[in-house]
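[1] I would like the atomic coordinates for the input below:
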Amino acid sequence: MPKRPYRAKVKGCYECSQRRLNCDRGVPECLKCITKGLKCSGLGVRHRFSSGVASRGHCIGKTMEEAYPHMKKNARSSIYRPQELPEQNLGNSLAEQNPATTPQETSPFSPLQLVHIDQADPFQASDRALQVCYDLPILWGSSDGYDAFSSPDMESHPVNLVDTGNTFPPFGDGSFTPNGVLILPPPHPDHVPAWKRRLLLHFSENIAGEMIACDGPHNGWRRFVLPMADRDELVMDAVLAVSLFHGPQAPHDQPATDRPEQDHYARAIQGLQKRSQLGDCDRADQHSILLTILLLLTAVMVNGSSDFPILFNMLQSAIDAIGGDMGLGSGGIAEFLVRQIRKLKVYAAPLLSEDAGINIISSEAEVDKMFECLNHCVQNNPQHSKSLELVPGLVRQACEIYLNQVAFDSHTPVTPQVRARRVVESIRRVQRFIDTFEAFPENAPGKQVLIWACFVAASDCRLAEHKEFFSNFFLDNYARSKFKNLTMGLGTLRKIWARKPDERWTVLLPQPKIFVM
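    The predicted structure is shown next:
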């Protein structure tokens, strides 16, 4: 028997060797350690009892800062320096902006760092799509045996830029981070592990830009969510859940207990239950709660879960317990929350029930308020104002299409002439919507916020060419964003197109319990 040829052993990380696994040699941490939640030591030389020291040469016994003092100096030039930021008053505190808020004594938090997106590690954690459904909504303000947690007051502290000598003003004012950079915690392993930083980066690169019409420094999904996640573990769990749901699909044979997104999604729900005493929470805690619910609603958009009605009712109950969206106070975070809540209120209504859709969409005041988020984008991106000005018209056309369908009474017998006239009018409305949509510049931003309007308009389609147009729109958006609510929404449209002639599609929209926007 010939001798087996020698094959050199591929060495991996220490943790995989202890578990007798073939390491995938991922850097800076291997995927197998990330999946199990272990802190991977990487592929470099492993030093026992002395972390972060050199093994040979003149650097023996020295840390990286001591051995390479010039690296700290050179690192300054690689960090983006904002050139045209408005003058800020760095002395503003939360007490000046909102006297009703009482800051609590907390340990000093670490500064936030501006990191170039193109210099950060690529996302490597695998996603395992999961749907965790909670049948019992949270009753805000009711006693459930938990004490309300207090979170650090974010808006009362300035944020320092690491190694730049500059200072960011409090989050509550009108300042913003420059384009092309990402707010992330500093790279201290004991503060935020590398796998969490990759998930935060994945959220910033792939999720935040999909939530508003035009991405940029003003994007609160990046500017407020990531710093809040660094301060509050409740928000962090929600962000991690969204990123994990959005990643590569998990193997079908993997048990649900080994899926990390289940842990973060469930922990976020449990954290909301523990803070259900909204009346005892300070303003920062209230912001964290609402921000977490918004993130969970984003999660059901990403994974297409049917938890959408429960989460939205949770959001509405929390807003009512606070005293309405005007009870959120002032400052950047409060204004961001108000804009998002008013927008989601209109988008969610027809997907919850036909009655809710009629009440909200028929209200001109509610529809007008939903465009505050769009106006905020236009103010910060005047170069795209011409294309973004098309969005309100398309949304209003979708509302008109919805209300015309609601007006159709399926129980009242109609003559063939009346039925034919309604069909012709329906085709004209959809064609007008498509013509307006095609006036959108090819590479202009903003088409991603027209998903809800296209979903409503497509529901009224009768011609094959119109159905093909909207099918391509949803498939193109899914190819870009990978949000599973788009493919599930397309499946809902195909069921609507196959409905009975006397059946209103406005009744069918809420049945899948998915959030399409």
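
[2] what comes up buried for stretch 506-517?
    For stretch 506-517, a neighbour-count test (16 or more other CB atoms under 10 Å) marks 506-510, 512-517 as buried. In short, each C-beta sits where N, CA and C put it, glycine included.

[3] model confidence over it, on average?
    Per-region confidence: stretch 506-517 scores 95 on mean pLDDT.

[4] got it, and stretch 15-30?
    Confidence for stretch 15-30, expressed as mean pLDDT, is 86.

[5] Then stretch 459-473?
    On average, stretch 459-473 scores 96.

[6] Run through who's touching that stretch.
    Contacts with stretch 459-473, where a contact means CB atoms under 8 Å, 6 or more residues apart in numbering, come from 401, 404-405, 423, 426-427, 429-431, 434, 454, 457-458, 490, 493, 496-497, 505-506, 508-509.

[7] one more time with 7 Å
    401, 405, 423, 426-427, 429-430, 434, 454, 458, 490, 493, 496-497, 505, 509 (CB atoms under 7 Å, 6 or more residues apart in numbering).

[8] Could you do stretch 3-21 as well?
    22-23, 25, 30, 32-33, 38, 40-43, 46.

[9] And that stretch, what's buried?
    12-16.

[10] end-to-end on it?
    25 Å (CA to CA, to the nearest Å).

[11] same thing with stretch 276-291?
    End-to-end distance (CA to CA), stretch 276-291: 14 Å.

[12] Tabulate the buried residues of stretch 3-21 (JSON lines), appending distance to residue 438 and secondary structure.
    Conversion of the buried residues of stretch 3-21 to JSON lines gives the following (distance: CB to CB, whole Å; DSSP: H, G, I helix; E, B strand; the rest coil):
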{"residue": "12", "distance to residue 438": "53", "secondary structure": "coil"}
{"residue": "13", "distance to residue 438": "53", "secondary structure": "coil"}
{"residue": "14", "distance to residue 438": "58", "secondary structure": "helix"}
{"residue": "15", "distance to residue 438": "55", "secondary structure": "helix"}
{"residue": "16", "distance to residue 438": "54", "secondary structure": "helix"}
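
[13] Among the residues you listed, which one sits closest to residue 378?
    residue 13 (49.1 Å; CB to CB).

[14] what's the distance between the closest one and residue 315?
    Counting by CB to CB, to the nearest Å, the separation of residue 13 from residue 315 is 42 Å.

[15] How about residue 506?
    23 Å.

[16] repeat for residue 503
    Where residue 315 is concerned, residue 503 sits at a distance of 30 Å (CB to CB).

[17] Repeat that for residue 385.
    31 Å.

[18] Looking at these two, which is more packed in?
    Taking neighbours as other CB atoms under 10 Å, residue 385 and residue 315 compare with residue 315 leading, 22 against 12.

[19] Now do the same contact list for the more buried one.
    Neighbours of residue 315 in contact, by CB under 7 Å, 6+ apart: residue 293.

[20] got the CA positions of the longest helix along the chain in CSV?
    The helix of greatest length in the chain, counted in residues with DSSP state H as the criterion, is given as helix 416-438. C-alpha atoms of helix 416-438 as CSV (Å, rounded to 0.1, in the frame of the first residue of the first chain):
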residue,chain,number,x,y,z
PRO,A,416,-71.8,45.7,-16.9
GLN,A,417,-71.5,49.3,-18.2
VAL,A,418,-70.7,50.6,-14.7
ARG,A,419,-68.2,47.7,-14.1
ALA,A,420,-66.5,48.4,-17.4
ARG,A,421,-66.2,52.1,-16.6
ARG,A,422,-64.6,51.3,-13.3
VAL,A,423,-62.1,49.1,-15.0
VAL,A,424,-61.1,51.8,-17.5
GLU,A,425,-60.7,54.4,-14.7
SER,A,426,-58.6,52.0,-12.7
ILE,A,427,-56.3,51.4,-15.7
ARG,A,428,-56.0,55.1,-16.3
ARG,A,429,-55.0,55.8,-12.6
VAL,A,430,-52.3,53.1,-12.7
GLN,A,431,-51.0,54.3,-16.1
ARG,A,432,-50.8,57.8,-14.7
PHE,A,433,-48.8,56.5,-11.7
ILE,A,434,-46.4,54.7,-14.0
ASP,A,435,-46.0,57.7,-16.3
THR,A,436,-45.1,59.9,-13.2
PHE,A,437,-42.8,57.3,-11.9
GLU,A,438,-40.9,57.0,-15.2
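
[21] the inter-axis angle of the very next helix or strand once past that helix versus helix 416-438?
    Next in sequence after helix 416-438, counting helices and strands by DSSP states H and E, comes helix 451-459. Calculated by axes from the mean of the first three to the mean of the last three CA atoms, to 10 degrees, helix 451-459 forms an angle of 150 degrees with helix 416-438.

[22] Just the buried residues of helix 451-459, please?
    Applying 16+ other CB under 10 Å to helix 451-459 flags 451-459 as buried.

[23] what ranges do the strands span in the chain?
    For the chain, the strands defined by DSSP state E occupy 113-116, 159-160, 167-168, 181-184.

[24] follow-up on the earlier one: which among the contacts of stretch 459-473 count as buried?
    By neighbour count, with 16+ other CB under 10 Å, those hold 401, 405, 426, 429-430, 434, 454, 458, 490, 493, 496-497, 505, 509 as buried.

[25] Need those residues in CSV (columns: distance to residue 214).
    Converted to CSV, those look like this (distance: CB to CB, whole Å):
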residue, distance to residue 214
401, 25
405, 31
426, 32
429, 28
430, 27
434, 23
454, 18
458, 24
490, 25
493, 27
496, 31
497, 32
505, 31
509, 28
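
[26] Tell me the one of these nearest residue 282?
    residue 509 (38.5 Å).

[27] what sits against the closest one?
    350-351, 459.

[28] quick one: which of the residues you listed is nearest residue 265?
    When the contacts of residue 509 are compared against residue 265 (criterion: CB to CB), the nearest one is residue 351, at 20.6 Å.

[29] does the closest one really touch residue 512, like I thought?
    No - Residue 351 lies out of contact with residue 512 (CB atoms under 7 Å); the separation is 8.5 Å.

[30] Could I get the contacting residues of residue 362?
    So residue 362 contacts residue 403 (CB under 7 Å, 6+ apart).
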